[in-house]
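S.K.: Provided below for reference: sequence and predicted model.
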Amino acid sequence: MFDSREKVVLFIDGANLYATSRALGVDIDYKRLLSEFQETAYLLRAYYYTALVEDQEYSSIRPLIDWLDYNGYTVVTKPAKEFTDAQGRRKIKGNMDIELAIDALEMSAHYDHFVLFSGDGDFTALVAALQRRGKKVTVASTMTTPTPMVSDDLRRQADYFLEIATLAKTVGRPQVDRQQAAREDATH
(Lines give C-alpha, C1' and ligand atoms only; values in the text may rest on other atoms or scores of the structure.)
Protein backbone atom coordinates (compact mmCIF):
# COMPACT_ATOMS: atom_id res chain seq x y z
CA MET A 1 0.00 0.00 0.00
CA PHE A 2 2.80 2.43 0.90
CA ASP A 3 6.09 2.92 -0.91
CA SER A 4 8.98 4.16 1.23
CA ARG A 5 9.84 6.69 -1.50
CA GLU A 6 6.46 8.37 -1.61
CA LYS A 7 5.58 11.44 0.42
CA VAL A 8 2.55 10.69 2.58
CA VAL A 9 0.21 13.06 4.43
CA LEU A 10 -2.31 12.09 7.10
CA PHE A 11 -5.52 14.08 7.34
CA ILE A 12 -7.50 13.14 10.43
CA ASP A 13 -11.14 14.11 10.82
CA GLY A 14 -10.93 14.18 14.62
CA ALA A 15 -14.62 13.78 15.38
CA ASN A 16 -14.97 10.93 12.90
CA LEU A 17 -11.89 9.04 14.15
CA TYR A 18 -13.04 9.52 17.74
CA ALA A 19 -16.48 8.04 16.93
CA THR A 20 -14.85 5.15 15.05
CA SER A 21 -12.40 4.33 17.82
CA ARG A 22 -15.21 4.47 20.42
CA ALA A 23 -17.32 2.11 18.30
CA LEU A 24 -14.35 -0.28 18.12
CA GLY A 25 -13.66 0.02 21.86
CA VAL A 26 -10.09 1.29 21.46
CA ASP A 27 -8.16 4.44 22.17
CA ILE A 28 -5.74 5.54 19.46
CA ASP A 29 -2.13 5.98 20.56
CA TYR A 30 -1.27 8.97 18.40
CA LYS A 31 2.46 8.65 19.05
CA ARG A 32 2.41 5.08 17.74
CA LEU A 33 0.23 6.17 14.82
CA LEU A 34 2.91 8.63 13.70
CA SER A 35 5.64 6.01 14.17
CA GLU A 36 3.69 3.45 12.16
CA PHE A 37 3.55 5.74 9.13
CA GLN A 38 7.12 7.02 9.58
CA GLU A 39 8.35 3.43 9.39
CA THR A 40 6.51 2.60 6.15
CA ALA A 41 6.80 5.82 4.13
CA TYR A 42 8.14 9.35 4.14
CA LEU A 43 5.57 11.04 6.37
CA LEU A 44 5.46 14.65 5.26
CA ARG A 45 2.76 15.92 7.64
CA ALA A 46 -0.02 14.74 9.93
CA TYR A 47 -3.03 17.03 10.33
CA TYR A 48 -5.74 16.73 12.96
CA TYR A 49 -9.00 18.65 12.40
CA THR A 50 -11.51 19.37 15.15
CA ALA A 51 -13.96 22.00 16.32
CA LEU A 52 -13.76 23.34 19.86
CA VAL A 53 -16.41 24.79 22.13
CA GLU A 54 -14.64 27.95 23.21
CA ASP A 55 -16.79 29.21 26.07
CA GLN A 56 -16.40 26.07 28.17
CA GLU A 57 -14.08 26.40 31.14
CA TYR A 58 -12.76 22.88 30.52
CA SER A 59 -12.96 20.87 27.33
CA SER A 60 -12.23 17.15 27.51
CA ILE A 61 -10.52 17.34 24.11
CA ARG A 62 -8.13 20.17 25.09
CA PRO A 63 -5.41 17.90 26.61
CA LEU A 64 -5.38 15.79 23.43
CA ILE A 65 -5.21 18.87 21.19
CA ASP A 66 -2.34 20.32 23.22
CA TRP A 67 -0.46 17.00 23.19
CA LEU A 68 -0.91 16.55 19.42
CA ASP A 69 0.25 20.13 18.81
CA TYR A 70 3.49 19.52 20.72
CA ASN A 71 4.15 16.04 19.33
CA GLY A 72 4.33 16.22 15.57
CA TYR A 73 0.78 16.96 14.46
CA THR A 74 -0.51 20.11 12.83
CA VAL A 75 -3.76 20.82 14.65
CA VAL A 76 -6.46 22.76 12.81
CA THR A 77 -9.38 23.99 14.90
CA LYS A 78 -12.31 26.35 14.66
CA PRO A 79 -14.99 27.38 17.13
CA ALA A 80 -17.99 25.08 17.31
CA LYS A 81 -21.41 26.65 16.86
CA GLU A 82 -24.11 26.20 19.47
CA PHE A 83 -27.79 26.18 18.57
CA THR A 84 -31.14 24.93 19.82
CA ASP A 85 -32.94 22.37 17.66
CA ALA A 86 -36.69 22.24 16.93
CA GLN A 87 -37.28 20.16 20.09
CA GLY A 88 -35.52 22.79 22.23
CA ARG A 89 -32.37 20.69 22.81
CA ARG A 90 -28.99 22.39 22.92
CA LYS A 91 -26.79 21.14 20.05
CA ILE A 92 -23.21 21.77 19.07
CA LYS A 93 -22.08 21.75 15.44
CA GLY A 94 -18.49 21.86 14.35
CA ASN A 95 -17.92 20.45 10.91
CA MET A 96 -14.35 20.72 9.59
CA ASP A 97 -14.94 19.12 6.17
CA ILE A 98 -14.40 22.27 4.10
CA GLU A 99 -11.18 23.22 5.90
CA LEU A 100 -9.81 19.71 5.48
CA ALA A 101 -10.74 19.56 1.78
CA ILE A 102 -9.25 22.96 0.95
CA ASP A 103 -5.99 22.15 2.76
CA ALA A 104 -5.76 18.77 1.00
CA LEU A 105 -6.20 20.36 -2.42
CA GLU A 106 -3.85 23.29 -1.74
CA MET A 107 -1.10 20.93 -0.53
CA SER A 108 -1.55 18.34 -3.27
CA ALA A 109 1.51 19.46 -5.24
CA HIS A 110 3.70 18.45 -2.30
CA TYR A 111 2.64 14.85 -1.59
CA ASP A 112 2.15 11.55 -3.42
CA HIS A 113 -0.23 9.67 -1.13
CA PHE A 114 -3.15 11.13 0.83
CA VAL A 115 -4.42 9.18 3.86
CA LEU A 116 -7.84 10.26 5.09
CA PHE A 117 -8.94 9.15 8.54
CA SER A 118 -12.69 9.51 8.03
CA GLY A 119 -15.58 7.51 6.72
CA ASP A 120 -17.65 10.56 5.83
CA GLY A 121 -19.14 10.21 2.36
CA ASP A 122 -18.91 13.98 1.89
CA PHE A 123 -15.21 13.42 1.16
CA THR A 124 -15.89 11.27 -1.94
CA ALA A 125 -15.62 14.30 -4.27
CA LEU A 126 -12.32 15.33 -2.60
CA VAL A 127 -10.89 11.83 -3.11
CA ALA A 128 -11.89 11.88 -6.78
CA ALA A 129 -10.36 15.35 -7.25
CA LEU A 130 -7.07 14.23 -5.71
CA GLN A 131 -7.01 11.12 -7.89
CA ARG A 132 -7.47 13.31 -10.98
CA ARG A 133 -4.33 15.12 -9.82
CA GLY A 134 -2.47 11.81 -9.82
CA LYS A 135 -2.54 11.19 -6.07
CA LYS A 136 -2.98 7.81 -4.40
CA VAL A 137 -5.69 7.91 -1.74
CA THR A 138 -6.16 5.66 1.26
CA VAL A 139 -9.29 5.91 3.40
CA ALA A 140 -8.93 4.74 7.00
CA SER A 141 -12.17 3.79 8.75
CA THR A 142 -13.97 0.60 9.75
CA MET A 143 -16.37 -1.91 8.30
CA THR A 144 -16.26 -4.19 11.38
CA THR A 145 -18.82 -2.36 13.53
CA PRO A 146 -22.48 -3.48 13.34
CA THR A 147 -23.14 -0.39 11.21
CA PRO A 148 -20.06 0.37 9.06
CA MET A 149 -18.48 3.74 9.91
CA VAL A 150 -17.42 4.33 6.29
CA SER A 151 -19.57 5.45 3.40
CA ASP A 152 -19.73 2.81 0.69
CA ASP A 153 -19.15 5.47 -2.00
CA LEU A 154 -16.05 6.79 -0.22
CA ARG A 155 -14.60 3.31 0.27
CA ARG A 156 -15.15 2.43 -3.39
CA GLN A 157 -13.63 5.70 -4.61
CA ALA A 158 -10.42 5.30 -2.61
CA ASP A 159 -7.43 3.46 -4.07
CA TYR A 160 -6.92 1.65 -0.77
CA PHE A 161 -8.96 1.00 2.35
CA LEU A 162 -7.22 0.80 5.72
CA GLU A 163 -9.29 -0.99 8.34
CA ILE A 164 -8.87 0.82 11.65
CA ALA A 165 -9.72 -2.35 13.57
CA THR A 166 -6.59 -3.91 12.01
CA LEU A 167 -4.50 -0.77 12.49
CA ALA A 168 -5.63 -0.65 16.14
CA LYS A 169 -3.70 -3.87 16.78
CA THR A 170 -0.50 -1.80 16.53
CA VAL A 171 -1.63 1.75 17.36
CA GLY A 172 -4.55 1.16 19.68
CA ARG A 173 -5.09 0.23 23.28
CA PRO A 174 -8.28 -0.91 25.00
CA GLN A 175 -10.48 1.95 26.16
CA VAL A 176 -10.14 2.46 29.86
CA ASP A 177 -13.05 3.24 32.06
CA ARG A 178 -12.02 6.79 32.94
CA GLN A 179 -13.94 6.81 36.24
CA GLN A 180 -12.46 3.44 37.25
CA ALA A 181 -8.94 4.64 36.35
CA ALA A 182 -9.47 7.80 38.43
CA ARG A 183 -10.62 5.75 41.42
CA GLU A 184 -7.57 3.47 41.11
CA ASP A 185 -5.25 6.49 40.91
CA ALA A 186 -6.86 7.95 44.04
CA THR A 187 -6.25 4.76 46.03
CA HIS A 188 -2.55 4.51 45.16
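M.R.: That came in fine, so what should we check first?

S.K.: Indicate each strand paired with the longest strand that the chain contains and its parallel or antiparallel sense.
M.R.: If you go by DSSP state E, the chain has its longest strand at strand 42-52. Paired neighbours of strand 42-52 in the sheet (DSSP bridges): strand 7-13 (parallel), strand 74-79 (parallel).

S.K.: weakest of those strands in terms of mean pLDDT?
M.R.: The minimum mean pLDDT among the strands paired with strand 42-52 belongs to strand 74-79 (a mean of 93).

S.K.: Check which residues of that strand are buried.
M.R.: Residues of strand 74-79 classed as buried: 75-77 (neighbour count, 16 or more other CB atoms under 10 Å). No exception for glycine: its C-beta is placed from N, CA and C like everyone else's.

S.K.: Distance to residue 144 for the residues you listed - can I get that in TSV?
M.R.: Formatted as TSV, the buried residues of strand 74-79 follow (distance: CB to CB, whole Å):
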residue	distance to residue 144
75	28
76	28
77	30
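
S.K.: what does the longest strand of the chain contact?
M.R.: For strand 42-52, contacts defined as CB atoms under 8 Å, 6 or more residues apart in numbering pick out 4-15, 33-34, 37, 59, 61-62, 65, 68, 72-80, 92-96, 99-100, 103, 107, 110-111.

S.K.: Show me which residues of the following helix or strand past that strand are buried.
M.R.: Beyond strand 42-52 on the C-terminal side, the first helix or strand identified by DSSP states H and E is helix 62-70. For helix 62-70, a neighbour-count test (16+ other CB under 10 Å) marks 64-65, 68 as buried.

S.K.: Among the contacts of strand 42-52, the buried ones, what's the ChimeraX command?
M.R.: Buried residues among these (16+ other CB under 10 Å), as a ChimeraX selection:
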select :8,9,10,11,12,13,14,15,33,34,37,61,65,68,73,75,76,77,80,94,95,96,100,103,111
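
S.K.: which residues of the protein fall in helices?
M.R.: Secondary structure of the chain, counting by DSSP state H: helices at 14-24, 30-40, 62-70, 97-107, 124-132, 152-157, 164-171, 178-187.

S.K.: Among the ones you listed, pick out the one with the most neighbours on average.
M.R.: Comparing the helices of the chain by mean neighbour count (mean count of other CB atoms under 10 Å), helix 14-24 ranks first with a mean of 20.

S.K.: Packing partners of that one?
M.R.: strand 26-28, strand 42-52, helix 164-171 (3 or more CB pairs under 8 Å, 6 or more residues apart in numbering; DSSP states H and E).

S.K.: Out of those, which gets nearest to residue 136?
M.R.: For those, proximity to residue 136 was assessed by CB to CB; strand 42-52 is nearest, at 13.3 Å.

S.K.: Since that was my last question, I'll sign off now.
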